[in-house]
Structure formats: structure tokens, C-alpha cells
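Student: Need a 3D model of the sequence below.
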Amino acid sequence: MAGTGSVVLFANAEGVILCRKGDADFMTGPHGRFFVPGASWVEKTAGTNAVGTCIATRTSVTVDTGEHYLHQFRTLCGAAAPIYNSSGHLAGVLAAYGTTPAAHSHTPGFIRTVAVMIENRRLVHEMSSEIVIHFHSVAEYIGTIKQGIAVFDRDGKLLGSNSAARTILRIDAEKLADTRFNDVFDNALPLPRIVDKAQALGSGVFPILLADGREVSLVVSVGARSHPTSALTNTPGKAAAEPGQARPGRSGVNVLLKDLDLGDPLMRRAISKASMILGSDIPLVIEGESGVGKEVFTAAFHNSGPRQHGPFVAVNCAAIPEGLIESELFGYEEGAFTGAKKKGYQGRLIQANGGTLFLDEIGDMPLALQGRLLRVLQERQATPLGSARSVPLDLSLVCATHRTLRAEVEAGRFREDLYYRLNGLRVQLPALRQRQDVAQLINLMISAESGGRRIELDPEVWQALLKHPWPGNIRQLQMVLRISLAILGSETQLTLQHLPDEFMQLEEPDRDSSPATHGPTDGNLASIELEAIRKAVTASDGNLSKAARALGISRKTLYRKLGKLPASPGGKAH
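Tutor: Okay, here's the model as predicted:
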């Protein structure tokens, strides 16, 4: 919040501020005293204001300067959005206040987005042990803030929902307690059979009719307390999945290896190599800089192979404290050590049984633990701490690292025997700056982050995004786009003013640098656009419909722009 001249706060349903975080200068200035915890902002005491009016109208509101009732608030700009509980009743209000109208213009969309994210996360967290259904009329909206979320118990009773679900299903909060699954979903199958179907599909995405005949797509996730059918019952020899641990089913990334091919030759080579060992016991080692998408690549590898319906378990070896990583990987029996869970812990190796284990940053695994992992890989079985019983393992192993393992071996930080045991097929993922499909990747990310809404990017934005070196790779690009879309709000034209300040500050030096060194300038934006079109057409093997989709434009627009491309030596436009 430093330097923003603003404050973000959460108030309860009665308008009382419970917590706030603000810029230090703003909070110590003349307005800071209005935003202390315990202050009431309901209209009855504070007149027209963002928090109070949001509570009164139950909608997102913006109240600027002179629109405030009380004179002391008339230099403030406020934006607020309601947050509802699982029963459809107001739980509180998220709001932001500042004194700078220019900065405030981006705030309403951001506050609305965060409020929905909080509402959705709270609902799923509170009821994760039940049957949670994610749905929307557009399948691509599932997993975004546009999705409806409805929670049912094993008998089909509706326990809770988010605002989007109530809108899509056209039910009032007052009627939630009396609503059952087949009251809103017009399907001859009872809920347990729906769950069976979703589990059998792996990704769980399939169409279903609503009671009024409209079609939606849905995804079903099932918690420990609501396993209603034999499809979710543990078979002999398989360890039971505990809440919060891996469960049978695909990874959270619903893509296949072929879906990652957007036309870049280096990525295509990596995908082709990985596809050759699907279904084998050959370990896969993925190398690449931080943020290039190693976990997504691994999830796609898992989804594309014969173990796709088994669990996908990812472990970041660098993120777990050295003293805990052994128990985290191997698990332990009850009473194995001081502080152990009462019922013990399965461990990630056993959780991944029948599926895929992804060991990220394997180069950071403590040397003492590497020997035990080597033994597990050789014997294909794991023994939890404090147990005399070994569990046979059948899993696919994928490792990833940003280090050069051969150099780690020579430096004495990685066991040579484990290196050779893991050294199956090596795949190098290119850095984002090396890829030729960045434009297609940007359009895919924007489509996913915006819920499929058509967003136009100004040529200056394309210039900034395409010439940036992206040291944080895909992870950095995704965050820049996510922040930009939050700032964009309900607008549809993404301009430079919507890009994050930090990103633009990094771009500033390049604006005064040599074009020959740093790429195109404002004077040749048209050439950037034409080059992006040329790359998209090449990447799609001349399929103009596919190229238009990748660029986020219509075929008619693409045909018009293709007319501007210079002819090739053969006499045809590229």
C-alpha cells in the first residue's frame, strides 16, 4: 500500500470497520482517523458513503468527493463491494478509499473482483468436505470469478452457494434451505450418480440441463464426508485420502500435452519428447528457469498418460523446511515423534500411489534425504516413519529443477547414484523470451483471466508486452495480465495506463534507448502488429481461423490486416 495514498478495509454487515491496511502517509494524515477499527460507516451515522451505501443497496458502489453527505469526506473517493456468506446473506463489505481520482478510477473493478474471490474462497474452504459443484453456461468460465458454486450434502440438499450460482439458478437466498439438487438441475440421475459420472470422466467437466431447460457445464469435487458411491470407496491396498491430501482424479490443470503446443518449435520439441515416455516407468526430468511452467507441463504430462485418473501430487523440495521434508515425503505413524498428528500422516509418496509424483526443485533436496529417496525408487516401496510396514508404490515420477544437476553432483551437493537413477528423459522448457508464441500465450491468458470476455489490446500494449525480457517468465506475465485486467474493470480496451506501475517503470528506460538495441518504437507499431499476425499464421500452419482465435480478432479483421502484409518472394502474402 506504500505510496498509494489510499486504504483498503473490511467492514461487517453493520458497517463497522473490522480491519484495514493503508498507506502510512494517508493513515497518519487528516483522513486516517476516520478508518480506525470500530468506526461505523453506515448511512445512518455517516450519510452517503461507499460502505454505507453498499450495505443499503446490496450492490457495488462508487462514491466520489462531493457525492458524500458529510463535508469532511468530500475530498475522498470510495469504492465498495458486498461479500455474501454461503446462505446468501451479507457478511461484510470490502472497500477502498483514497484522495486521488486518477488512481481511484481503476479501483472499483479491482474491489469487485477481490470481493468475489473472497466470497468464493470462503465458501469452498468452509464446505470442502461436502459435494462442491462449479458450473456456468460457458465451460471456459469454470474456475474464474464468473463461475457458480453450489454445495450439496450426499442426500442432495443445498447447503450453500455463491452469488453467481444464485443468479444462474434464479433462486432467492430465502429459498436456499428448501432447495435440493433435482430442484435446480433437471436430470434423471440422482446426485450420487452425477458424482460417479464426474469421477469417471477424470476432469469432471460435462454438460447438464437446469430445471428450466438451459444447459450448463459443471465440475464436481467431493469431500471426505460426502463419498456417496462405490466409485469413491477405497479399494483394498489403497490408502484412504484424508481431507487436504491428494484424491483420485486429474490435476487441477485441465490441459493435455498437445494443448501446450501453440506453435513454438522449442516447446513442440519438449512436448514431443515427453509424449514418447507416457505410460512407461522412465523418470522425466524437466529443466528450465523459474516460472517457465514446469508444474503445468507436468500436470499436462499426467493428464495425457494412463495414470490420468490417479492422484497428482506436487512437492516443492525448496519450500519445505529441512527438518520436515522427510516426514512430509514418507509420512509417519501415530506417535512417531513429538508433535506428530494423532492419526499419523500418509506422506506424499503414498498419496501419489497410482498417479504422478512431481518433485519440484529436486536439486534443493537435503543430501541426507537423497539416499532414502534412492532406496524408495529402487525398491518401489515406501516405509512411513515409525512403521515396520512398507507400502508398494506404483507411480510416475517427474522431477524439475532450475539448477544443473550434473554441476550439483560435481560440487558434492547431489548424490551421483540418485542423479543416474533420476536421469531418464531430460526435457528443457524454453524461457519466455525465447518463445515464438508469446502473442498466442497472451491471448489465451487474457481469455482465461477475463472469463472469455473479448478484450482489445492497444498496439502500445502489444509493443510493451512483446519486447519485455520477462525475467520471471510465464509466472510474471500471468501476474501482469491479471493485475491489468483487475485495473481494467468493466472496460474492454486495454491501454498502457492499465499496466501495473512496476512493469511500466521497467519499460521506461527502453523508451529512450536505441530502437536497434531494444526493439520497435512508437513509430512502427504497425510493423509489430503485422509481425504478430505473421507469427500467428505461421504457428497455425496457415489455418486462418485458428490464427484469428489466437490473436483474439475476427477472421474478417484478420483478412483485412493480411492485405497489409508485404508479399513474399514467391509473390504471396505470408
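
Student: those strands in the stretch 451-574 of the chain, which residues are they?
Tutor: Using DSSP state E, counting those that start in this stretch, the strands of the stretch 451-574 of the chain run over 456-457, 493-494.

Student: what would the ones you listed look like in TSV with mean neighbour count, mean pLDDT and distance to residue 395?
Tutor: For glycine as for every other residue, the C-beta is placed from the backbone atoms N, C-alpha and C. Converted to TSV, the strands of the stretch 451-574 of the chain look like this (neighbours: other CB atoms under 10 Å; pLDDT from 0 to 100; distance: least, CB to CB, whole Å):
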stretch	mean neighbour count	mean pLDDT	distance to residue 395
strand 456-457	18	90	42
strand 493-494	17	92	43
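
Student: Those strands into JSON lines, with extra columns for distance to residue 315?
Tutor: Listed next are the strands of the stretch 451-574 of the chain as JSON lines, based on distance: least, CB to CB, whole Å:
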{"stretch": "strand 456-457", "distance to residue 315": "37"}
{"stretch": "strand 493-494", "distance to residue 315": "37"}
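
Student: right, so of those strands, which gets closest to residue 303?
Tutor: Comparing those by their distance to residue 303 (CB to CB), the top pick is strand 456-457, with 30.0 Å.

Student: hang on, the earlier thing: and the strands of the stretch 451-574 of the chain: which comes nearest residue 265?
Tutor: strand 456-457 (24.8 Å).

Student: what sits up against the closest one?
Tutor: By CB atoms under 8 Å, 6 or more residues apart in numbering, the surrounding residues in contact with strand 456-457 are 442, 446, 465, 492-494, 552.

Student: again, but for stretch 376-390
Tutor: 283, 326-327, 330-337, 340, 344-347, 349-350, 391-394, 397, 418, 421-422.

Student: rerun at 10 Å
Tutor: Outside stretch 376-390, the residues that touch it by CB atoms under 10 Å, 6 or more residues apart in numbering are 281, 283, 326-327, 329-337, 340, 344-350, 352-353, 372-373, 375, 391-395, 397, 417-418, 421-422.

Student: To residue 558, which of the strands of the stretch 451-574 of the chain lies closest?
Tutor: With CB to CB as the yardstick, what comes closest out of these is strand 456-457 (14.1 Å).

Student: What strands flank that closest one, and is each parallel or antiparallel?
Tutor: As defined by DSSP bridges, the strand partners of strand 456-457 come to strand 493-494 (parallel).

Student: Distance from the strand it pairs with to the middle of the chain?
Tutor: 22 Å (CA atoms, centre = their mean, to the nearest Å).

Student: go on, stretch 355-374?
Tutor: Centroid displacement of stretch 355-374 relative to its chain, using CA atoms, centre = their mean, is 25 Å.

Student: Would you mark the buried spots in it?
Tutor: Judged by neighbour count using 16 or more other CB atoms under 10 Å, the buried positions of stretch 355-374 are 355-365, 370, 373-374.

Student: do stretch 298-314 as well
Tutor: Buried, per 16+ other CB under 10 Å, within stretch 298-314: 298-305, 307-314.

Student: same question, stretch 426-445
Tutor: 427, 429-432, 435-445.

Student: Tell me the one of the buried residues of stretch 355-374 nearest residue 108?
Tutor: residue 360 (37.5 Å).

Student: Can you tell me which of the buried residues of stretch 355-374 is nearest residue 135?
Tutor: Nearest to residue 135 among these is residue 355, at 25.9 Å by CB to CB.

Student: Work out for me the element the residue nearest to the closest one when sequence neighbours are not counted sits within.
Tutor: Leaving aside its chain neighbours, residue 355 sits nearest to residue 310 (3.0 Å; criterion: CB to CB, 6 or more residues apart in numbering). Of the helices and strands defined by DSSP states H and E, none includes residue 310.

Student: just to revisit the earlier point, please name whichever of the strands of the stretch 451-574 of the chain is nearest to residue 56.
Tutor: Short answer: strand 493-494, nearest of the strands of the stretch 451-574 of the chain by CB to CB, at 32.6 Å.

Student: ok, and what's touching that closest one?
Tutor: 446, 450, 455-458, 460-462, 465, 481, 484-485, 487-488.

Student: Mind picking the two most distant members of those?
Tutor: 450 and 460 (19.4 Å).

Student: ok, those two, which is more surrounded?
Tutor: Ranked by neighbour count (other CB atoms under 10 Å), residue 450 and residue 460 place residue 450 first, with 20 against 15.

Student: Look up the pLDDT of the more buried one for me, please.
Tutor: On pLDDT, residue 450 comes in at 79.

Student: Inside helices: which ones of the contacts of stretch 376-390?
Tutor: Residues of these located in helices (DSSP state H): 326-327, 329-330, 348-350, 372-373, 375, 417-418, 421-422.

Student: From residue 131, how far out is residue 160?
Tutor: Counting by CB to CB, to the nearest Å, the separation of residue 160 from residue 131 is 11 Å.

Student: Can you give the distance from stretch 108-119 to the centre of its chain?
Tutor: 15 Å.

Student: In helices, which of the contacts of strand 456-457 fall?
Tutor: 442, 446, 465.

Student: Can you list the low-confidence ranges for the stretch 251-400 of the chain?
Tutor: 251-253, 321-323, 334-343 (pLDDT under 70).

Student: hang on, the earlier thing: what is the nearest of the buried residues of stretch 426-445 to residue 543?
Tutor: Among the buried residues of stretch 426-445, residue 440 lies closest to residue 543 (CB to CB), at 12.5 Å.

Student: hang on, the earlier thing: if any of the contacts of stretch 376-390 are buried, give me the PyMOL selection for them.
Tutor: Buried residues within the contacts of stretch 376-390, by 16+ other CB under 10 Å, are selected in PyMOL with:
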select buried, resi 283+326+327+329+330+331+332+333+336+340+344+345+346+347+348+349+350+352+353+373+391+393+395+397+418+421+422
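
Student: the bottom helix or strand of the chain by mean pLDDT?
Tutor: helix 515-518 (a mean of 36; mean pLDDT, DSSP states H and E).

Student: Across the sheet, point out what pairs with residue 134.
Tutor: On the basis of DSSP bridges, residue 134 is bridged to residue 149, residue 219.

Student: quick one: it and residue 145 touch, right?
Tutor: No. Counting by CB atoms under 10 Å, no contact exists between residue 134 and residue 145, whose distance comes to 11.7 Å.

Student: Report the central residue of this protein.
Tutor: residue 143 (8.0 Å; CA atoms, centre = their mean).

Student: Contact partners for that one?
Tutor: Counting by CB under 10 Å, 6+ apart, residue 143 makes contact with 134, 136, 219, 252, 254, 448, 451.

Student: and the residues you listed, which are buried?
Tutor: 134, 136, 219, 254, 448, 451.

Student: Of the residues you listed, which is the nearest to residue 29?
Tutor: residue 451 (37.9 Å).

Student: and that closest one, what does it touch?
Tutor: Counting by CB under 10 Å, 6+ apart, the residues that residue 451 touches are 136, 138, 140-147, 485.

Student: any idea which of the residues you listed is least confident?
Tutor: Lowest pLDDT among the contacts of residue 451: residue 140, with 71.

Student: Tell me, how many residues neighbour that one?
Tutor: When neighbours are counted by other CB under 10 Å, residue 140 registers 13.

Student: helix/strand/coil for it?
Tutor: Of the three states, residue 140 takes helix under DSSP: H, G, I helix; E, B strand; the rest coil.
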